[in-house]
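Asker: The following comprises the amino acid sequence and a computationally predicted model.
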Amino acid sequence: MPIYDFVCNGCHTSRPVLVDYEAKKGLELTCSQCGGIMKAAEISMFNVIGSAKSNKTAVQKKVKSCGHTHHCQCAAIKQSKPNPFQKQIDQALGKTEH
């Protein structure tokens, strides 16, 4: 649910309110400062949050040889055999065999 700024018509005090878009349209609040009417302000900017899948190339560059993209201790462990899941890791990352 988005957060909208509600602004007082009298003293211009604002406060953030968590409310859905449809409820925001007709919602009027009472200002705690002057008792005036607060209405939702027009949106001046917004943020878009994407998933890691949308930025796949950046993730591919940060993949370690163990297959992890986060900080891990795998590099400190000496593997005696190849990673049995390496094919699945490569497929998930979109890598092709040469």
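Answerer: Alright, I've got the coordinates. Residues are numbered from 1 along each chain as shown.
Asker: Please parse the protein into its domains.
Answerer: In the assignment given by automatic domain parsing, the structural domains of the chain cover 3-40, 55-93.
Asker: Let's have these in JSON lines, adding distance to Ile49, mean neighbour count and mean pLDDT.
Answerer: The way it works is simple: take the backbone N, C-alpha and C, and place the C-beta from them, glycine included. Converted to JSON lines, the domains of the chain look like this (distance: least, C-beta to C-beta, whole Å; neighbours: other C-beta atoms under 10 Å; pLDDT from 0 to 100):
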{"stretch": "domain 3-40", "distance to Ile49": "13", "mean neighbour count": "14", "mean pLDDT": "86"}
{"stretch": "domain 55-93", "distance to Ile49": "12", "mean neighbour count": "11", "mean pLDDT": "69"}
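Asker: Just the pLDDT for Glu94.
Answerer: Just to correct that, residue 94 is Gly rather than Glu. Looking at Gly94, its pLDDT stands at 80.
Asker: I'd guessed Asn9 sits against Gly35; true?
Answerer: No - counting by C-beta atoms under 8 Å, Asn9 does not reach Gly35; the two are 11.1 Å apart.
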